[in-house]
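Participant: coords please:
(one chain, ligands or ions: 1)
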Amino acid sequence: MAAERRVSGTRPRIDAARLVADLETLARFGATERGGVARVAYSPADLEARDWLDAQLTGLGLEVRRDPVGTTIAVLAGTEPGLAPIAVGSHTDTVPEGGRYDGALGVVAALACARAIAAGGPSLRHPLAVVDFEAEEATMGGATLASRAMTGALDEAALARPAYDGAPAAEHLRRAGLDPAKVAAAALRRGAFAAFLELHIEQGATLEADGVPIAVVQGIVGIRRFEVAFTGSAAHAGTTPMQDRDDALVAAAPFVVAVRDIAIEQGLVGTVGTLRVHPGAPSVVPGRVVMDVELRSTDETRLDAAEEQLARRAAGMGGEAVRLSAKAPAPFAPPLLAMLEDVCRASGLEHRRMWSGAGHDAGVLTAITDAAMLFVPSRAGISHNAAEFTEPRDCVRGARALLDWIVAVDGAR
Ligand SMILES: [Zn+2]
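Facilitator: Have a look, this model is predicted:
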């Protein structure tokens with residue numbers, strides 16, 4: 001059906017060798033001795049990589065601009081006037097010691113799609129927008145900075161928060177020649193894109209373990225974070241008898257186990273990721289313990305139930321739970337998922353549906369457009385690490401599916 005509505009030109013094809021070469025080239029910006037990539041948002045390496053990408057896109061005839069937070073938005077004209085662009089992309093910033101594929105694959109694949117489509121002359125009805133988001137990683141006082149800005153969910157005040165190095169995020173923008181006061185101008189209206197499609201590595205091990213080459217991602221899990229505090233009484237560890245102690249850590253210990261039990265009971269994942277023991281000396285009975293608790297699920301009602309239980313169990317043990325943040329599950333657009341499944345079936349590609357336990361720009365963009373993602377396998381599930389690796393074969397498969405998906409969406413809306 002999609003093919004019938006295509007306007008002209010031959011079927012666009014991904015240049016596999018070029019895709020792999022582009023991944024290699026991009027990995028040189030911020031390359032570390034251990035074979036990883038250090039390309040934190042707004043760093044010189046990040047800005048150089050973006051200049052390289054912009055040059056590639058300009059060379060293909062795309063109109064390239066940067067938005068007020070530094071995201072590249074490059075548009076290839078379509079044949080039918082008035083249609084919103086189909087947007088594809090990911091991010092090229094990394095964590096301080098990241099790998100070569102997280103984000104990079106989705107951007108290089110989007111570039112490969114633009115190259116394939118541009119090569120045959122204009123053939124899509126819609127414009128194609130290649131998007132390289134800035135600061136997707138949680139280095140600037142929170143993750144997905146640029147996609148939040150794009151949805152109007154980021155204000156100048158949020159940029160006052162400390163970045164990974166302690167300096168305010170706004171300072172990093174300024175050093176990169178951007179004006180933090182203009183962040184609100186990055187917001188796009190709903191419908192500015194016809195759809196947003198993101199190819200990404202899984203960053204988990206399930207696809208590799210089961211030998212499945214592609215996943216159709218149904219959405220991003222919801223995340224709730226809590227701070228739970230237990231207060232006792234600090235005392236001398238040598239002179240205070242056991243029966244006279246009010247040890248905050250002893251009170252807190254069963255709660256750590258309770259978080260695990262609640263998670264299992266509610267069918268979600270729950271983690272105590274930090275534990276701060278005060279005053280924190282070998283010779284002092286702990287007077288206060290503060291921990292960060294995180295719950296993740298695709299199901300809001302399970303999160304509600306787990307949160308309620310968590311607060312009740314904490315209170316029952318003498319602690320106090322305060323919710324710090326709540327991100328609702330972000331389901332992707334079912335029609336886009338169905339089209340991606342059709343694309344996989346048509347090319348004989350085995351696929352499965354799964355939810356993403358990690359956050360992504362595509363999840364944020366669901367606020368302003370239909371969005372969806374596809375995952376390709378990560379070796380041993382390793383990510384945010386120099387050892388991050390995805391087989392070139394899988395990278396190319398992902399890019400091909402992305403291209404076929406663009407063509408399908410172009411024909412359908
Ligand atoms: Zn990523």
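
Participant: so what's the spatially most central residue of the chain up against?
Facilitator: To find the centre residue of the chain, average its C-alpha atoms and take the closest one (CA atoms, centre = their mean): that gives His360, at 2.2 Å. With contact taken as CB atoms under 8 Å, 6 or more residues apart in numbering, His360 is in contact with 90, 136, 144, 198, 200, 220, 373. Where you see a C-beta, it was placed from the backbone N, CA and C, and this is true even at glycine.

Participant: which parts of the stretch 101-250 of the chain sit against the ion?
Facilitator: Among all residues of the stretch 101-250 of the chain, those adjacent to the ion (criterion: CB under 5 Å from the ion) are 102-103.

Participant: Which residue ranges of the stretch 101-250 of the chain form strands?
Facilitator: In chain order, the stretch 101-250 of the chain shows strands spanning 128-133, 195-201, 214-220, 222-231, 235-236, with DSSP state E, counting those that start in this stretch as the criterion.

Participant: Put together CSV for those strands, with distance to Ala399 and mean neighbour count on each row.
Facilitator: Written out in CSV, the entries for the strands of the stretch 101-250 of the chain read as follows (distance: least, CB to CB, whole Å; neighbours: other CB atoms under 10 Å):
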stretch, distance to Ala399, mean neighbour count
strand 128-133, 13, 27
strand 195-201, 7, 29
strand 214-220, 11, 24
strand 222-231, 29, 20
strand 235-236, 62, 13
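
Participant: Turn the ones you listed into JSON lines, columns for mean pLDDT and distance to Asp51.
Facilitator: Below are those laid out as JSON lines (pLDDT from 0 to 100; distance: least, CB to CB, whole Å):
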{"stretch": "strand 128-133", "mean pLDDT": "98", "distance to Asp51": "11"}
{"stretch": "strand 195-201", "mean pLDDT": "98", "distance to Asp51": "22"}
{"stretch": "strand 214-220", "mean pLDDT": "97", "distance to Asp51": "30"}
{"stretch": "strand 222-231", "mean pLDDT": "96", "distance to Asp51": "34"}
{"stretch": "strand 235-236", "mean pLDDT": "97", "distance to Asp51": "60"}
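
Participant: Got the domain ranges for this structure?
Facilitator: Here the domain parsing of the chain from automatic domain parsing is 3-220+329-412, 222-327.

Participant: Can you name the residue of the stretch 301-413 of the chain nearest to the ion?
Facilitator: Among the residues of the stretch 301-413 of the chain, His360 lies closest to the ion, at 6.1 Å counting by CB to the ion.

Participant: which stretches of this protein form helices?
Facilitator: For the chain, the helices identified by DSSP state H occupy 16-28, 44-59, 104-119, 145-150, 169-175, 206-210, 248-266, 300-316, 334-346, 361-365, 392-412, in order along the chain.

Participant: which outside residues touch the second one?
Facilitator: For helix 44-59, contacts defined as CB under 8 Å, 6+ apart pick out 22, 25-26, 29-30, 38-40, 64, 66, 70, 72, 74, 92-93, 107, 111, 114, 130, 132, 134, 176.

Participant: Give the buried residues for it.
Facilitator: Of the residues in helix 44-59, those buried under the neighbour-count criterion (16 or more other CB atoms under 10 Å) are 45-47, 49-50, 52-54, 56-57.

Participant: Run the chain-centre distance for that helix.
Facilitator: Counting by CA atoms, centre = their mean, to the nearest Å, helix 44-59 is centred 21 Å from the centre of its parent chain.

Participant: What mean pLDDT does it get?
Facilitator: Taken as a whole, helix 44-59 has a mean pLDDT of 98.

Participant: Repeat that for the fourth one.
Facilitator: The average pLDDT within helix 145-150 is 97.

Participant: Which elements pack onto it?
Facilitator: Contacting helix 145-150 under the criterion 3 or more CB pairs under 8 Å, 6 or more residues apart in numbering; DSSP states H and E are the following elements: strand 128-133, helix 361-365.

Participant: List of residues touching it?
Facilitator: Here helix 145-150 makes contact (CB under 8 Å, 6+ apart) with 41, 67-71, 91, 133-136, 142, 154, 158, 169, 183, 186-188, 361, 364-365, 368.

Participant: And for the fifth one?
Facilitator: Residues from elsewhere that reach helix 169-175, judged by CB under 8 Å, 6+ apart: 41-42, 69-70, 135, 140-141, 145, 156, 158-163, 179-180, 183.

Participant: CA-only coordinates of stretch 402-413 in PDB, if you can.
Facilitator: Once non-C-alpha atoms are left out, stretch 402-413 reads as follows in PDB (Å, rounded to 0.1, in the frame of the first residue of the first chain):
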ATOM      1  CA  LEU A 402      14.200   2.500   9.800                       C
ATOM      2  CA  LEU A 403      14.200   3.500   6.100                       C
ATOM      3  CA  ASP A 404      11.400   1.100   5.200                       C
ATOM      4  CA  TRP A 405       9.500   2.500   8.100                       C
ATOM      5  CA  ILE A 406       9.900   6.100   6.900                       C
ATOM      6  CA  VAL A 407       8.600   5.000   3.500                       C
ATOM      7  CA  ALA A 408       5.600   3.300   5.100                       C
ATOM      8  CA  VAL A 409       4.800   6.300   7.300                       C
ATOM      9  CA  ASP A 410       5.100   8.500   4.300                       C
ATOM     10  CA  GLY A 411       2.500   6.500   2.400                       C
ATOM     11  CA  ALA A 412       0.100   6.200   5.300                       C
ATOM     12  CA  ARG A 413      -0.300   9.700   6.700                       C
END
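
Participant: That stretch: how far from the chain's middle?
Facilitator: Computed by CA atoms, centre = their mean, the separation of stretch 402-413 from the middle of its chain amounts to 23 Å.

Participant: One more: stretch 57-73?
Facilitator: On the basis of CA atoms, centre = their mean, stretch 57-73 sits 21 Å off its chain's mean C-alpha point.

Participant: Then stretch 289-302?
Facilitator: That offset, for stretch 289-302, works out to 18 Å (CA atoms, centre = their mean).

Participant: swap in stretch 316-325?
Facilitator: Between the mean C-alpha location of stretch 316-325 and the chain-wide mean there is a distance of 28 Å, by CA atoms, centre = their mean.

Participant: before we move on, what about stretch 353-367?
Facilitator: Distance, stretch centre to chain centre, for stretch 353-367: 7 Å (CA atoms, centre = their mean).

Participant: For it, measure first residue to last.
Facilitator: Between the opening and closing residues of stretch 353-367 there is a gap of 22 Å (CA to CA, to the nearest Å).

Participant: Quick one: mean pLDDT for that stretch?
Facilitator: The predicted model gives stretch 353-367 an average pLDDT of 95.

Participant: List the buried residues in that stretch.
Facilitator: Neighbour-count burial for stretch 353-367 flags 354-356, 358-366 (criterion: 16+ other CB under 10 Å).

Participant: Brilliant, that's me finished.
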